[in-house]
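> Compute the structure for the input listed below.
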Amino acid sequence: MGKLGTRNASVELFRRADGTVYFRARIWLADETRERVDVPAKHSTAAGGMTARQRAELYAAALQEREDETGELLARKRERLAAKAAKNDASKGETCERYFRRWNLVRKGKLPLQAKHDEQIWNLWLSDRLGALLVRDVTRDTLIELSHHLDTVAAEGEKFGPARARNIFSVAAAMFRDAYSSKDRTLRVLETDPMTGVPWPERPTTKPLKQLLYPREFMALVSCPDVPIVRARLYAVTLYTMTRAAEVRVLDCSAIDVPHFNVKVTMSDDPITRAATGASSATKSTKSGKARLVSLETNLAPLLSTMIAELGGTGRLFPDRPKGTPKGNQWRPATEDYIPGPDGEYGLANMLKRDLRKALAWAGIPERPELFGDSDRKASLPLRFHDLRASGITWRHARGDNAESIRQECGHEDQATNVIYIRALRGLDASELFPKLPVRLLGEAPEAKLWPSAPPGMKNTGNFVGAEGLEPPTSTV
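Numbering: from 1, shown residues only. Alright, predicted model coming up:
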């Protein structure tokens, strides 16, 4: 392997965020390196008595033979490396690529999360277009052309929509604004402002639809054995308490008042302070700056009681994974030898929305492609983790709960803000909302557990849905 004439291509299997799989070929180049190339779906689908992998291997072998004859992939690689070198060539002056790295490094000390976000935007959408240009050569016309290019791509709707186009342009606008007028003298390198009179990409003409989970979809999600229990618990607690991701992350055992069916939401996670100080945890006030009480749904009480007991009654419901410990297989399908529990395996991923979409795909909920972002980007948005909170709010309105109580428990300043979170109410049956949770979330079937009585107006059976989705028998004694 590795010698010209005896090299064999190979294929690897990968899984996308929406749960679908694809093959990637690994092709040997003449410089003794390997290039990865995605195998087209039409060449990696079972047909003619051959499996998908066998057909993908045939495609890879043909591609390897073509590469040995033409060297096309090696030529592309060299072009790519030359373009990268040009971006970082300082012999004629500072390029936009080098300036962006220097500018963003300064910002990381003040706005670490924003700097990380902007770096991703730059690498994906701006580096290839601006990176090799000298900063001093960027003009108003350069940025107008960039704005027009983003409008064109947004209109096609394949890669991103108008809102994303404006988000991308904002990174370039902020960089060149600071290149002209930054308070930091070392970042001020331009005598004129190239952003003067530059039109931004067009605003969206219509607001896209946002998503919610229907009770049937939610139950399929948390009942699926391929979705790790730690994640299923996180989804249940978030939806049933209508909390934000930053709030559920730091929800403490002491905040759960099961006897009185209340959850106290008093603080939220502070990722900026964590990033700036290197601390393992940091908190701040809630988004509204006010603490609040959330009614504890009857069917969530047994789960919270179980989680509190597992944690010994203290600490966060979802503690971070201790530093230095392996990540394990939180996001691989659950297996018999993997039993998530209160042992530090709860660590919350930064990409909660991506992980949620993975879980939905594993749970077999592909009949609504808009949940995964496969639909027209201008018509609807894919499901986000924040939509769990919106689903809880919508469910409570559909159940007929008092609108003012919902507003207060969500932490919204006014009813108009609360209305924004309400998704489509049609098709929601009040009897199906906030259903009993599957027994798998307890780790093992509860036996003769006694739960406190629900407050007036709330029915509390203390029962869980069994593995087959059936309610356990109710005692007639």
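> Can you give me the distance of residue 229 to residue 187?
48 Å (C-beta to C-beta, to the nearest Å). C-beta here means a position set from N, CA and C on the backbone, and glycine is covered the same way.
> One more: residue 430?
Distance from residue 430 to residue 187, counting by C-beta to C-beta: 57 Å.
> neighbour count winner among those two?
residue 187 (18 against 11; other C-beta atoms under 10 Å).
> correct me, but residue 232 touches residue 221?
Yes: using C-beta atoms under 8 Å, residue 232 is in contact with residue 221, at 7.1 Å.
> and for those two, which residues touch both?
residue 359 (C-beta atoms under 8 Å, 6 or more residues apart in numbering).
> got any ranges where the stretch 201-350 of the chain has weak pLDDT?
275-276, 320-350 (pLDDT under 70).
> ok, now with 50
Along the stretch 201-350 of the chain, the parts satisfying pLDDT under 50 run over 322-350.
> what's the neighbour count on residue 220?
Neighbours of residue 220 using other C-beta under 10 Å come to 18.
> do the one 3 residues further on as well
Here the number of neighbours of residue 223 (other C-beta under 10 Å) works out to 19.
> please renumber so the chain begins at 70
All set: I'll call the first residue 70, so the last point we hit is now residue 292.
> how close does it sit to residue 505?
11 Å.
> wait, isn't residue 315 in contact with residue 338?
Yes: Residue 315 lies in contact with residue 338 (C-beta under 8 Å); the separation is 4.3 Å.
> Now do stretch 136-148, average pLDDT.
Averaging pLDDT along stretch 136-148 yields 89.
> Okay, buried residues for it please.
Within stretch 136-148, the residues that count as buried by 16 or more other C-beta atoms under 10 Å are 136, 142, 143.
> so what's residue 184 up against?
By C-beta under 8 Å, 6+ apart, the contact list for residue 184 reads 173, 176, 177.
> Where does the first one sit, in terms of helix or strand?
In this case it means residue 173. helix 165-177 (DSSP states H and E).
> quick one: contacts of that helix?
With contact meaning C-beta under 8 Å, 6+ apart, helix 165-177 is reached by 156-157, 159, 183-185, 187-188, 191, 195-196, 199-204, 207, 244, 247-248, 253, 256, 258.
> which among those residues end up buried?
Listed as buried from those are 156, 184, 187-188, 191, 195-196, 199-202, 204, 207, 244, 247-248, 256, 258; burial here means 16+ other C-beta under 10 Å.
> Could you list which of those belong to helices?
The members of the buried ones among the contacts of helix 165-177 that map onto helices under DSSP state H are 156, 184, 187, 188, 196, 199, 244, 247, 248.
> From these, pick the one nearest residue 126.
When those are ranked by distance to residue 126 (C-beta to C-beta), residue 196 comes first, at 34.1 Å.
> Quick check: the closest one vs residue 152, distance?
Distance from residue 196 to residue 152, by C-beta to C-beta: 10 Å.
> Alright, I will stop here.
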